[in-house]
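[1] Only the shape, not the letters, is given here:
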């Protein structure tokens, strides 16, 4: 039976550090504040928003919401982001994506000030993943993967990792963060031959799947001794949430595995809160200097 890599203790461990940061900021008269910008009412956005607000409020992080209708114009959204930029009391901004198709995502995201970009939607933040720059922050889900692996003392240096998925929000940044940890990363995606993907997975020490494909990773993709991190979020035929990994097939074989739900997703909203607290600390230090 595999060790279950639950996200709950990881989040609780991180919350202790965040509370300390927030207490120190409070003594200096600063309340870390998250600005949430949402266009429309996508159910998955609303669900994530609720979780983010609950987590933030439990850590004494204030939340301000900027809610726009689904048919909001590009100029309205750009002006909202400019309002966030100009408000020194807002330290971090979460803009829900994907945006409605009539909006130019690249043009919109370029407006947000990088220092308030807590989920790597700006070019500057993504560039920071390739350098040692501390402008912006890496994506929350990618960071959550690393936080979970670190918490359970899973070594990364020199390890072979199969990263399934190359999205700009999870797959690619997670691969870059892992390479900063001196891991050897093979990235598989929709155009990778299925047999090659299976081979990369079988050969890896750690498999991380963020493909958004129900039951993609099955028993013949894994071997004993591996760690499997499932980032996928899929609604199965039963109406319940499932990952990319066929859990019942894979769990008896591997050494450790994350559940879905209750794994990486349980850590992501806590990373968001951490980034807000860190952004508030940076803002305070900049003002003092």
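    Thanks, I have it. Values in this document were obtained by computation on a predicted structure and should not be read as measured data. Numbers count the residues shown, from 1 in each chain.
[2] Okay, now the unreliable bits of the stretch 1-150 of the chain?
    132 (pLDDT under 70).
[3] quick one, strands of it?
    3-4, 33-39, 62-68, 92-95 (DSSP state E, counting those that start in this stretch).
[4] Select, out of those strands, the one closest to residue 193.
    strand 3-4 (31.3 Å; C-beta to C-beta). Bear in mind the C-beta positions are built from the backbone N, C-alpha and C, glycine included.
[5] What are the structural domain limits within this protein?
    30-113, 140-265 (automatic domain parsing).
[6] Determine how far the last one lies from the middle of the whole chain.
    With C-alpha atoms, centre = their mean, to the nearest Å as the basis, domain 140-265 stands 14 Å off its chain's centre.
[7] from the strands of the stretch 1-150 of the chain, which stretch is densest packed?
    Of the strands of the stretch 1-150 of the chain, the one with the most neighbours on average (mean count of other C-beta atoms under 10 Å) is strand 92-95, at a mean of 27.
[8] And the pLDDT for residue 247?
    Looking at residue 247, its pLDDT stands at 97.
[9] Dump the strands of the stretch 1-150 of the chain to a markdown table, plus distance to residue 239.
    Shown next, in a markdown table, are the strands of the stretch 1-150 of the chain (distance: least, C-beta to C-beta, whole Å):
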| stretch | distance to residue 239 |
| --- | --- |
| strand 3-4 | 23 |
| strand 33-39 | 25 |
| strand 62-68 | 28 |
| strand 92-95 | 27 |
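[10] Nearest approach to residue 235 belongs to which of these?
    strand 33-39 (21.0 Å).
[11] name the helices or strands packed onto that closest one?
    For strand 33-39, the elements it packs on are helix 43-58, strand 62-68, helix 74-86, strand 92-95, helix 265-288, judged by 3 or more C-beta pairs under 8 Å, 6 or more residues apart in numbering; DSSP states H and E.
[12] Quick one: closest of these to residue 150.
    The nearest among the helices and strands packed on strand 33-39, by C-beta to C-beta, is helix 265-288 at 10.8 Å.
[13] between that closest one and helix 43-58, how many degrees?
    With axes from the mean of the first three to the mean of the last three C-alpha atoms, to 10 degrees defining the directions, helix 265-288 sits at 60 degrees from helix 43-58.
[14] Could you identify which of the domains of the chain is most buried?
    The most buried one of the domains of the chain (mean count of other C-beta under 10 Å) is domain 140-265, showing a mean of 19.
[15] that older thread, out of the helices and strands packed on strand 33-39, which comes closest to residue 243?
    Nearest of the helices and strands packed on strand 33-39 to residue 243, taken as C-beta to C-beta: helix 265-288 at 9.3 Å.
[16] now the angle between strand 33-39 and the closest one, please.
    120 degrees.
[17] Report the mean confidence score over helix 265-288.
    pLDDT averaged over helix 265-288 gives 92.
[18] let's have the chain start at 13 instead
    All right, first residue 13 from here; so that's helix 277-300.
[19] so what does that helix touch, helix or strand wise?
    Applying 3+ C-beta pairs under 8 Å, 6+ apart, we find helix 277-300 packed against helix 20-39, strand 45-51, helix 55-70, strand 104-107, helix 152-163.
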